[in-house]
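Q: Based on what follows, work out the 3D shape:
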Amino acid sequence: MSSDKGVASITFDTTMTSHGAGIGATEAQLMAAYPNLQKAVGPNYTHYVKADDNPGVSSSFRVANGKVEAAFTSAPGNNCHN
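A: Sure thing, here's the model as predicted:
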């Protein structure tokens, strides 16, 4: 929860997907779901993609051992997700 923006990010649980790729998806499934997927966003998340239909919103994913282990979607200017 951001003091400036309210709900600024949503962390996926195992039942949530974005474009059909969520926690437990293979890296190949993630890349197929997101043709514009980018790599290397930082130490905790390995991939990110900007939303097609909502400028500024992005989803970040952590892939380890070939599978998505964590994911979240965040609003532009998010100041609260770690």
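
Q: Identify the residue spatially nearest to A25, adjacent ones excluded.
A: V68 (4.7 Å; Cβ to Cβ, 6 or more residues apart in numbering). Just so you know, the C-beta spots here come from the backbone N, C-alpha and C atoms, and that holds for glycine as well.

Q: any weak-confidence spans in the chain?
A: Along the chain, the model assigns pLDDT under 70 to residues 1-8, 18, 40-41, 77-82.

Q: Is D13 in contact with A70, as I believe?
A: No - taking Cβ atoms under 8 Å as the definition, D13 is not a contact partner of A70, at 10.2 Å.

Q: just to revisit the earlier point, element containing the residue nearest to A25?
A: Applying DSSP states H and E as the criterion places V68 in strand 67-74.

Q: Ok, A28 next?
A: Judged by DSSP H and E, A28 forms part of helix 27-33.

Q: helices or strands up against that helix?
A: Packing partners of helix 27-33 (3 or more Cβ pairs under 8 Å, 6 or more residues apart in numbering; DSSP states H and E): strand 21-22, strand 58-64, strand 67-74.
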